[in-house]
Every structure is written in C-alpha cells, then in structure tokens.
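Novice: quick one: sequence and predicted model below, then my questions.
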Amino acid sequence: MSQLQVWHDGACPLCQREIALMRRLDRRGAIAFIDVATPEAACPLDRAALLARFHAREDGQMLSGAAAFAAMWRAIPVLRPLGLIARHPAVLWLLERAYRGFLRGRPALQRWMRRHTPSPGASR
C-alpha cells in the first residue's frame, strides 16, 4: 500500500491542531502531510481549492471533504474502524453534510482561535 498524502492548511489554527493530533496517532508514518500554506508545497490541484477543502490522495485517487478525512482515518490503526464505516454511502453522506456545515462556520472559529490561542513564544 502506498503512503497516503494529505494536504492541509498550515496557517489555520484549527487545522494545525488536528494535523498535530493525526501526526501523533500516525506512528507508522503512513501519511505524508503536506502544508499547502507554504509556497514550496507541491500542489496537485489549484492551491485555493486545496485551502478551501481538506484533500487526500489514497491509492492514486484524489478525495476531498469527508472522504479525505475517512481515508486519513483508515491509515491510522486506532481510527481505522471509523474510516471503514465511512465507506458506507449513507455514513459518508452524513459526514459530508457535517463537514460542509463546519466549513460555513470555519472562518468564525479561526478568528476565535487566533484571539484565544497563545502565540508559541508567549508565557502563560
């Protein structure tokens, strides 16, 4: 099985936290995490499209949204059962609806996190 590729927005505080957690859970190194916010990132699609939605490439197939999250879950042993359940069309449909709802609120959540998350060098 080839390494899963995941494109994420490294400038997004929500994405930073989620990807940090996924990196910790990916103990086998099954996922190549690619920060689209960096200029040197190799982008298989338009950079704006990669920043607007979560994308992954699994077995040569580009996935986005809930399907991309499910692919990432399948690559991490502890989350694999969730990723396998998400292959069911009805489950994936529900997850995609939830993801689209999240995307509508994402800008407000990002602003809130930027205001309430200490900068890396700040003392507490």
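Specialist: Okay, I see it.

Novice: so how far is the helix or strand where residue 50 lies from its chain's centroid?
Specialist: Assigned by DSSP states H and E, residue 50 falls within helix 47-52. Centroid displacement of helix 47-52 relative to its chain, using C-alpha atoms, centre = their mean, to the nearest Å, is 12 Å.

Novice: next structured bit after that helix?
Specialist: For helix 47-52, the succeeding helix or strand toward the C-terminus, using DSSP H and E, is strand 55-58.

Novice: which strands and helices lie in contact with that following strand?
Specialist: Judged by 3 or more C-beta pairs under 8 Å, 6 or more residues apart in numbering; DSSP states H and E, strand 55-58 is in contact with strand 4-8, strand 61-64, helix 66-75. C-beta: built from backbone N, CA, C; applies to glycine.

Novice: pairing partners for the first one, with directions?
Specialist: Based on DSSP bridges, the pairing partners of strand 4-8 within the sheet are strand 31-35 (parallel), strand 55-58 (antiparallel).
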